[in-house]
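**Q** Fold the following for me, if possible:
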Amino acid sequence: MNRGFLKYVAVTVAVVAALAPVYWMFTISLKSEVDHFAVPPPWFSFTPTLEHYYDAFVTRSFGQYLITSAIVAVISTLCALVIGTLAAYALARFRLPYDLDRKLSLWILSTRMFPAIVTAVPLFLMMRDLRLLNTKAALIIVYTAFNLPFVVWMMRGFFDEVPRDLEEAALVDGDSRLGALVRVVLPLVTPGLAATAVFCLIVSWNEFLFALVLTQTDASMTLPVGIAGRVTQYEIKWGVMSAAGAVAIVPILVFAMAMQKYLVRGLSLGAVKG
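**A** Purely as a prediction, here's the structure:
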C-alpha cells in the first residue's frame with residue numbers, strides 16, 4: 001500500500017480524534033435536555049436550540065466571567081511579554097561576572113519545575129495580606145509571574161538568533177541600546193513574540209487552580225471557574241457548561257488565527273552573511 005496514503009489516513013484519524021470532543025461539546029450546547037441523555041445519542045439528527053446560551057449569558061453571570069477572563073489574560077500576557085522580553089534581551093546580550101547570566105537563566109527556568117499546587121497556599125496568604133483577594137489584580141500578578149520564565153527562555157532563544165552586527169550598526173549610527181532593541185531587534189523576532197504571546201494567552205485563559213483559590217465572587221471569577229461551578233451535588237448543567245465552553249474557544253481561536261502568519265521562525269536568518 002502506498003506510504004503516502006497511510007500518512008493521510010493517520011492524519012485524518014488524528015484530526016477526527018482531536019475534533020470529535022469539540023464537536024460533541026458544540027452539539028451538547030445546542031441540544032435540549034432530552035437529547036442530552038438519549039440512547040443512542042443523536043450526533044446529527046436533533047433540533048437545535050439556543051436556550052443554553054441564553055441561560056449562560058443572560059440568566060447567569062457567564063458574560064461577566066468572560067469579560068474578567070479576557071481582561072486578566074490580555075493584561076497578564078502583555079506584562080509578561082514586556083518584562084520577559086527585556087530580561088531575555090539582557091541575558092542574551094550581556095555577560096555577567098562569575099557566569100551569573102547562565103546561573104540566572106537556570107534559576108528562572110527552575111521556577112517552572114515546581115507544581116502549581118505547591119505555591120497556591122503561599123500566594124493565597126500573600127494576596128490576603130495585600131488585600132487583593134477577589135480582585136483581578138491578584139490574578140494578573142500571579143499569571144504574569146507564572147508566564148515570565150517561559151517568556152524569558154523563549155525570547156532568549158530568538159534573540160540569540162539575531163546577529164549582533166545589526167545592533168552594533170544601529171549603535172554606531174547614534175541609536176541607543178533601547179532604541180536598537182525596539183527598532184531593529186524586535187521586528188526581526190516578531191515570530192517569537194507571536195508564538196510566546198499565543199502560549200501565554202492560552203495558559204492565562206485556561207488557568208483554573210489559582211483562579212479558584214484567589215477568587216470567590218462573580219465580579220472576579222474567571223470563565224473556567226464559573227464553568228466548573230455548574231457541577232453541584234444535585235445536578236450538572238451540561239448544556240450551560242457546553243455553551244460557555246463553546247464561546248470560550250472563540251477568542252483564543254481568533255487570536256491564534258490572526259497570529260498564524262507570524263508563527264514562522266527564522267525571519268532573521270541570513271540577515272548578515274559572512
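
**Q** need the helices for the stretch 1-150 of the chain, in chain order.
**A** In the stretch 1-150 of the chain, the helices defined using DSSP state H, counting those that start in this stretch lie at 3-30, 33-36, 51-54, 62-93, 100-110, 120-129, 136-161.

**Q** export those helices to a markdown table and tack on distance to Leu171, mean pLDDT and mean neighbour count?
**A** In this view, the C-beta of every residue, glycine as well, is placed from N, C-alpha and C. Shown next, in a markdown table, are the helices of the stretch 1-150 of the chain (distance: least, Cβ to Cβ, whole Å; pLDDT from 0 to 100; neighbours: other Cβ atoms under 10 Å):
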| stretch | distance to Leu171 | mean pLDDT | mean neighbour count |
| --- | --- | --- | --- |
| helix 3-30 | 48 | 88 | 12 |
| helix 33-36 | 65 | 82 | 14 |
| helix 51-54 | 56 | 88 | 18 |
| helix 62-93 | 11 | 91 | 20 |
| helix 100-110 | 20 | 76 | 13 |
| helix 120-129 | 41 | 92 | 14 |
| helix 136-161 | 16 | 89 | 21 |
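
**Q** out of the ones you listed, which comes closest to Gly174?
**A** helix 62-93 (18.7 Å; Cβ to Cβ).

**Q** chain center to the closest one: distance?
**A** Between the mean C-alpha location of helix 62-93 and the chain-wide mean there is a distance of 9 Å, by Cα atoms, centre = their mean, to the nearest Å.

**Q** So which elements touch it?
**A** helix 100-110, helix 136-161, helix 190-206, helix 223-228, helix 238-258 (3 or more Cβ pairs under 8 Å, 6 or more residues apart in numbering; DSSP states H and E).

**Q** With respect to Pro42, which of the ones you listed lies nearest?
**A** Among the helices and strands packed on helix 62-93, helix 238-258 comes nearest to Pro42, with 14.1 Å by Cβ to Cβ.

**Q** could you give the angle of the closest one to helix 3-30?
**A** Helix 238-258 runs at 130 degrees relative to helix 3-30, counting by axes from the mean of the first three to the mean of the last three Cα atoms, to 10 degrees.

**Q** who touches stretch 98-111?
**A** Here stretch 98-111 makes contact (Cβ atoms under 8 Å, 6 or more residues apart in numbering) with Ala87, Leu91, Phe94, Arg95, Leu96, Leu148, Pro149, Val152, Trp153, Arg156.

**Q** And for stretch 200-213?
**A** 69, 72-74, 76-77, 80-81, 116-117, 120, 123-124, 139, 142-143, 146-147, 150-151, 221-225, 228, 248, 251-252, 255.

**Q** Local confidence estimate at the residue nearest the centre of the chain?
**A** For the chain, the residue nearest the mean C-alpha position is Ile202 (1.9 Å; Cα atoms, centre = their mean). For Ile202, the pLDDT comes out at 90.

**Q** Angles on the backbone of Thr135, please.
**A** Main-chain torsions, Thr135, degrees, to the nearest 10: phi -130, psi 150.

**Q** Look up how far Asp175 lies from Arg93.
**A** Using Cβ to Cβ, to the nearest Å, Arg93 is found at 14 Å from Asp175.

**Q** quick revisit: got CSV for the helices of the stretch 1-150 of the chain, with distance to Met259 too?
**A** CSV is the format used below for the helices of the stretch 1-150 of the chain (distance: least, Cβ to Cβ, whole Å):
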stretch, distance to Met259
helix 3-30, 20
helix 33-36, 36
helix 51-54, 27
helix 62-93, 12
helix 100-110, 25
helix 120-129, 30
helix 136-161, 14
